[in-house]
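Chemist: sequence and predicted structure below; questions after.
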Amino acid sequence: MPGHYSGSFAPFTVSDPTEHKLMSTTWHILGAGSLGTLWATRLARAGLTVRLILRDKARLASYRAAAGLTLVEQGVEQTYTVFGETPDSPEPIHRLLVACKAYDAQGAVAQLQHRLAANAELILLQNGLGSQEAVAAQLPQARCIFASSTEGAFRGGDWRVVFAGHGYTWLGDASHPAPPLWLDDLHAAGIPHAWSTDILTRLWRKLALNCAINPLTVLYQCRNGELQAHHCEVATLCAELAELLECCGQPTAALDLQHDVERVIQATAANYSSMYQDVAAGRRTEISYLLGYACQAAARHRLNLPHLQQLQGRLVEQLRVRGLPRD
Ligand code: NAP
């Protein structure tokens, strides 16, 4: 696979970090949550210039009071000094990693619009679909690269992230197939990645997997593996999701969907889905960019998918009962 990086984590593989730093563009990282910190610490560790954009002055003050950003990996923790700033800092931005939740991405990027250089590149790490198109439409001059990641991390406190699951990040640009040169930075930072010429197919497939698994784990209050007891319901949802993918011009994402869903349920049997975890922790979910996006796409195509629609109704009701945002 072109651009495929299959090396193991090798954080100090850059022979002369200073040399690499001189040549490289600053990585501005918007959002110092789980994924933002995971990327910031690994890029900084490779000697690359990283600037963290925090929500406001209060968050910046809190960050400055801490020693830096801490990455916990296989029980070993290491703190990195990464420069922090607020959105109104004057420096122009050439490369921006957007590491907010899908529902925050558009607003957070809008705050930085005046700082974006004419040829700015954005990397959008959001799960689901919808937020990426919204950001891209907002910035017609910029190059927006969509990402789909199977890496897993969670916040173990403020400015501290636990690297919970090694994985892979696919990056792609649906309108320009040429990979950017800065993929070398990811290589240097030991971030396993590949350039994908079919990133939308990947994002749609991941969305379909999410729609078939995550809402049910919230409704049945269960781990992924317990969905094996709801085999028929899962199969019905997969059939409707495959129909939706075909209708949305994504036949490749529809191939063997049910089989893949069953494989994921089995492979992650002991895990709680991200949506389950959000609901259990009383956090807002990304429903509008996952099941909500799927149902909206179905409505746009006048597709009748009764089980998917019913699933959305049940999930929204569950969120209402728990006093959580329904979007
Ligand atoms: P997270 O831990 O909640 O981090 C989001 C960060 O964005 C928070 O630090 C938040 O700031 C910040 N933020 C929000 N609005 C902002 C603004 N206007 N200006 C500056 N910062 C702002 O979320 P996450 O888990 O990293 O997830 C990010 C995206 O990656 C999601 O779409 C998620 O589905 C996807 N993803 C996550 C994982 C994972 O393992 N975590 C894996 C794959 C994909 P505060 O700290 O001030 O609240």
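Modeler: Thanks, I have it.

Chemist: anything in the lengthiest helix in the chain near the ligand?
Modeler: The longest helix of the chain (DSSP state H) is helix 199-219. No - Helix 199-219 lies out of reach of the ligand by Cβ under 6 Å from any ligand atom, never closer than 9.2 Å. (Glycine included, C-beta is placed from N, CA and C.)

Chemist: residues of that helix that come out buried?
Modeler: Residues of helix 199-219 classed as buried: 199-219 (neighbour count, 16 or more other Cβ atoms under 10 Å).

Chemist: now the strands for the protein?
Modeler: 27-30, 50-53, 69-73, 76-80, 83-85, 93-98, 116-124, 143-149, 152-155, 160-165, 169-172, 193-195 (DSSP state E).

Chemist: note down every partner strand of the last one and its orientation.
Modeler: Going back to what we said before, that points to strand 193-195. strand 169-172 (parallel) (DSSP bridges).

Chemist: likewise for the fifth one?
Modeler: Strand 83-85 pairs in its sheet with strand 50-53 (parallel), by DSSP bridges.

Chemist: ok, now which ones touch the closest residue to Leu245 other than its chain neighbours?
Modeler: Distances taken as Cβ to Cβ, 6 or more residues apart in numbering place Ala254 nearest to Leu245, at 3.8 Å, with adjacent residues excluded. Shown in contact with Ala254 (Cβ atoms under 8 Å, 6 or more residues apart in numbering): Ala208, Leu241, Ala242, Glu243, Leu245, Glu246.

Chemist: one more time with 7 Å, if that's ok
Modeler: Ala242, Leu245, Glu246 (Cβ atoms under 7 Å, 6 or more residues apart in numbering).

Chemist: tell me the pLDDT of it.
Modeler: pLDDT recorded at Ala254 is 98.

Chemist: quick one: the contacts of Ala254 as CSV, columns for neighbour count and pLDDT too.
Modeler: Shown next, in CSV, are those (neighbours: other Cβ atoms under 10 Å; pLDDT from 0 to 100):
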residue, neighbour count, pLDDT
Ala242, 20, 98
Leu245, 23, 98
Glu246, 13, 98
